[in-house]
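Participant: I would like the atomic coordinates for the input below:
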Amino acid sequence: RPFKPSFGSNLRNRLFEPNDFQNRSLIKKDIVSEINALEPRVSNVSVVMRQLENEVSLTIEYAIKGQADYNSVEFLVSRVR
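Facilitator: Numbers count the residues shown, from 1 in each chain. Next comes the predicted model:
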């Protein structure tokens, strides 16, 4: 993002907020809105968050326009020291 400061969402600021329902729903909303804004070829984006020990598991499900099946991507977000 060096020359595009508005590219992507600002999830890094939310990582240090309390781990409550409101913050998790804001993170999900940020991810969905950024995918919809930056990738016009996908639709029906949904995010599933699971809190693990010291990390968060994110599963993003989406459909590619013009195709019937859904795709998903799962990854872990953890703190780096």
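Participant: Just give me the residue right at the centre of this protein.
Facilitator: Centroid-nearest residue in the chain: residue 31, 3.5 Å away (criterion: CA atoms, centre = their mean).
Participant: Run through the residues that contact it.
Facilitator: Contacts here follow CB atoms under 8 Å, 6 or more residues apart in numbering; on that basis residue 31 touches 9, 11, 45, 47, 58, 60. Backbone N, C-alpha and C define where each C-beta goes, glycine included.
Participant: Is it possible to get TSV of those residues that adds neighbour count, pLDDT and distance to residue 72?
Facilitator: Shown next, in TSV, are the contacts of residue 31 (neighbours: other CB atoms under 10 Å; pLDDT from 0 to 100; distance: CB to CB, whole Å):
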residue	neighbour count	pLDDT	distance to residue 72
9	17	70	19
11	14	73	19
45	17	94	11
47	18	94	10
58	18	91	10
60	18	95	7
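Participant: For the chain, which segments are assigned as strands?
Facilitator: Per DSSP state E, the chain carries strands over the ranges 42-51, 55-64, 70-78.
Participant: Of those, flag the one that's most buried.
Facilitator: By mean neighbour count, with neighbours taken as mean count of other CB atoms under 10 Å, strand 55-64 ranks first of the strands of the chain at a mean of 16.
Participant: Show residues contacting that strand.
Facilitator: 31, 35, 41-51, 69-79.
Participant: Residue 7 and residue 40: what is the separation?
Facilitator: As defined by CB to CB, to the nearest Å, residue 7 lies at a distance of 15 Å from residue 40.
Participant: Where is the longest helix in the protein?
Facilitator: Among all segments of the chain classified by DSSP state H, the helix with the greatest residue count is helix 21-38.
Participant: How about that one, which residues are buried there?
Facilitator: By neighbour count, and taking 16 or more other CB atoms under 10 Å as the criterion, the buried residues in helix 21-38 are 24, 27-28, 30-32, 34-35.
Participant: Now do it: distance to the chain's middle.
Facilitator: On the basis of CA atoms, centre = their mean, to the nearest Å, helix 21-38 sits 6 Å off its chain's mean C-alpha point.
Participant: How about stretch 29-46?
Facilitator: Averaged C-alpha coordinates place stretch 29-46 at 9 Å from its chain's average position (CA atoms, centre = their mean).
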